[in-house]
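>>> Sequence and predicted structure, then a few things I'm wondering about:
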Amino acid sequence: MNGANFTNKAQEAILNAQSVAQEKGQQQVDALHLLHALVTQEGSVVLTILQKLGIDVDNLKKKIESQIIKIPTIATPAAFGQFYLTQDMAKVLDRARQEAMKMGDEFISVEHLFLALLDVKNSVSCSRALIRFL
């Protein structure tokens, strides 16, 4: 998937997901990392939607973080930049691309990423974090 096909905010969210994984010593970037990035991104439409739904975003962030720490870490950190996408994350990115195409959008945005997270049967931990609040 070409990075040029993503909006700036979507690229920022994906890079933030990778940063979260790196900070936690995790080599794989999971859908859960992306969810974390989307709910912590300043000025994000995802935050606006969640707030309008009356969701306690701070509590949601804590639930997501508690699931992220359950992801295995690596004892010896890999060289900087060596990260892999989990199957769940790859499915989410593919579903976001499909959603953008279906809507006739040229670029994949954070909205498409969030819809994909809601739609794709992804990791149990990601689903649990969302289901408790949505």
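Perfect, thanks for sending it. Residues are numbered from 1 along each chain as shown.
>>> residues near I69, how many?
9 (other C-beta atoms under 10 Å). C-beta coordinates here come from the backbone N, C-alpha and C atoms, glycine included.
>>> residue contacts, V39?
Listed by C-beta atoms under 8 Å, 6 or more residues apart in numbering, the contact set of V39 reads V46, L47, L50, V57, L60, K61, I64.
>>> Which helix or strand contains it?
Assigned by DSSP states H and E, V39 falls within helix 31-40.
>>> helix or strand for the closest residue to G43 other than its chain neighbours, which one?
Nearest residue to G43, sequence neighbours excluded (C-beta to C-beta, 6 or more residues apart in numbering): K9, at 8.0 Å. Using DSSP H and E, K9 sits within helix 8-23.
>>> Ok, S66 next?
helix 57-68.
>>> gap between the two ends of stretch 47-57?
Criterion C-alpha to C-alpha, to the nearest Å; first-to-last residue distance in stretch 47-57 is 8 Å.
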